[in-house]
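# based on what follows, work out the 3D shape:
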Amino acid sequence: MAARGGKKVVIVKKKIVGGGGHHGGSWKVAYADFVTAMMAFFMVMWILGMDDKTKQAIEGYFANPVGYKKGYGAGSSPLATGSSVTSIQRTPLRMIVRSTEQRTFEQLRQTILDKLAASDSLKRLNALVDVQVTQEGLRIELVESGRGDVYFPLGSARMNTATVLTLQLVGQELAPLSQSLVLEGHTDGAKFGKDASYTNWELSADRANAARRVLETAGIGANRIAEVRGYADTKPRVFDDPMDAANRRISILIPFTNVPESAANAAELATGKRDSIVNSIAEPIKRNY
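All right, here's what the predicted structure looks like:
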């Protein structure tokens, strides 16, 4: 304070406290943005590594989350023309289970094909085995190729050597799994006769049952056999020629796991049990292959 011309002059000094540097909070905002961007980047990279079906399902969910949960496609609604709730409604849990089984079935398919190709006995017997991953699941078919009656004598359910060897080899590969099996028998269009009491229906069922008995001796528990079906000649492999030898076959089907839409599944998904469900399906295959 100083006097000037009889008046007092007051000088006020204010100390400005700086907020920059490491004492400020602006860097925290920048760091949070950086972490968020990195998380988004890694999520994108993870999704890019998935198969096309999984990516399409994820795209459909984010395009229309409400409609997706109700079974509608991306961008559609219950009132859209031609849209309806399909019988195959996929929740995220269903999508992950199907994707996991698809990969493990592909791996199992290659393993079975390699084991069959390495068998000199089956090569000499001209055994034809078709292994495919279909919309139903993993399908293994013992198909007559026209080079003689390789698996069964014509009109008989008595197994040839090639049938027993093939089923034993396949059974050993399927034994460690936990999934159920469906056995199917198919015949060609040749009839036993008008007055025959034994028809292609009985023959196809008997052949499927004969295959079941061999698979059980190979280590597949009886509780895993879900169904034994006899289709006679109603589902030919060669539609244009019902008499073709390839229509005579035994089929082993490992269906995809059906994850029902239920409150229990929604609760498991919300409580973080999804991974345990997926692992319980994939672990038997991963452990052995």
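
# contact partners for the nearest residue to residue 159 once chain neighbours are set aside?
Of all residues not flanking residue 159 in the chain, residue 210 sits nearest, at 5.7 Å (Cβ to Cβ, 6 or more residues apart in numbering). Placement of C-beta: from N, CA and C, glycine included. Applying Cβ atoms under 8 Å, 6 or more residues apart in numbering to residue 210 gives the contacts 157-159, 163.

# burial of residue 112, as a residue count?
19 (other Cβ atoms under 10 Å).

# okay, and it sits in which element?
For residue 112, the host element (DSSP states H and E) is helix 92-117.

# buried ones in that helix?
Across helix 92-117, burial judged by 16 or more other Cβ atoms under 10 Å covers 93-102, 104-105, 108-109, 112, 116.

# that helix: how far from the chain's middle?
Helix 92-117 sits 7 Å away from the centroid of its parent chain (Cα atoms, centre = their mean, to the nearest Å).

# packing partners of that helix?
Helices and strands touching helix 92-117, by 3 or more Cβ pairs under 8 Å, 6 or more residues apart in numbering; DSSP states H and E, are helix 52-63, strand 128-133, strand 137-143, helix 161-174, helix 263-270, helix 274-288.

# from the contact counts, what lies against the fourth one?
By that I understand helix 161-174. helix 92-117, helix 120-124, strand 137-143, helix 200-217, strand 249-255.

# quick one: mean pLDDT over the fourth one.
Meaning helix 200-217. Taken as a whole, helix 200-217 has a mean pLDDT of 97.

# that helix vs helix 161-174, what angle?
50 degrees (axes from the mean of the first three to the mean of the last three Cα atoms, to 10 degrees).

# could you number the chain from 57 rather than 1 from now on?
Got it, the first residue is 57 from now on, which makes the last one we talked about helix 256-273.

# just the CA trace of helix 256-273, in CSV.
Written as CSV, here are the backbone C-alpha positions of helix 256-273 (Å, rounded to 0.1, in the frame of the first residue of the first chain):
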residue,chain,number,x,y,z
ASN,A,256,-37.4,-103.3,-47.6
TRP,A,257,-38.7,-101.7,-44.5
GLU,A,258,-37.7,-104.6,-42.3
LEU,A,259,-34.4,-105.0,-44.2
SER,A,260,-33.4,-101.4,-43.8
ALA,A,261,-34.2,-101.5,-40.1
ASP,A,262,-32.4,-104.8,-39.5
ARG,A,263,-29.3,-103.4,-41.2
ALA,A,264,-29.3,-100.3,-39.0
ASN,A,265,-29.8,-102.5,-35.9
ALA,A,266,-26.9,-104.7,-37.0
ALA,A,267,-24.7,-101.5,-37.3
ARG,A,268,-25.8,-100.4,-33.8
ARG,A,269,-24.6,-103.7,-32.3
VAL,A,270,-21.2,-103.4,-33.8
LEU,A,271,-20.8,-99.7,-32.7
GLU,A,272,-21.7,-100.7,-29.1
THR,A,273,-19.0,-103.3,-29.1
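
# domain map for this structure?
Annotated domains of the chain cover 83-144, 148-311 [automatic domain parsing].

# Serialize the ones you listed to TSV and add fields for distance to residue 65.
Listed next are the domains of the chain as TSV, based on distance: least, Cβ to Cβ, whole Å:
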stretch	distance to residue 65
domain 83-144	43
domain 148-311	76
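
# hey, least reliable of those domains by pLDDT?
domain 83-144 (a mean of 66).

# re the thing from before, farthest pair in the buried residues of helix 148-173?
Greatest spacing in the buried residues of helix 148-173, by Cβ to Cβ: 149 and 172 (34.3 Å).

# counting neighbours, what do you get for the residue lying closest to residue 161 once chain neighbours are set aside?
Spatial nearest neighbour of residue 161, chain neighbours left out: residue 194 (4.4 Å); criterion: Cβ to Cβ, 6+ apart. Using other Cβ under 10 Å, residue 194 has 25 neighbouring residues.

# again with the one 3 residues further on
The burial metric for residue 197, expressed as a neighbour count using other Cβ under 10 Å, is 18.

# quick revisit: now the helices and strands packed on helix 217-230 as JSON lines including distance to residue 93?
Shown next, in JSON lines, are the helices and strands packed on helix 217-230 (distance: least, Cβ to Cβ, whole Å):
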{"stretch": "helix 148-173", "distance to residue 93": "24"}
{"stretch": "helix 176-180", "distance to residue 93": "56"}
{"stretch": "strand 193-199", "distance to residue 93": "41"}
{"stretch": "helix 256-273", "distance to residue 93": "54"}
{"stretch": "strand 305-311", "distance to residue 93": "43"}
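
# looking at the ones you listed, which is nearest to residue 292?
Using Cβ to Cβ, those put strand 305-311 closest to residue 292, at 9.7 Å.
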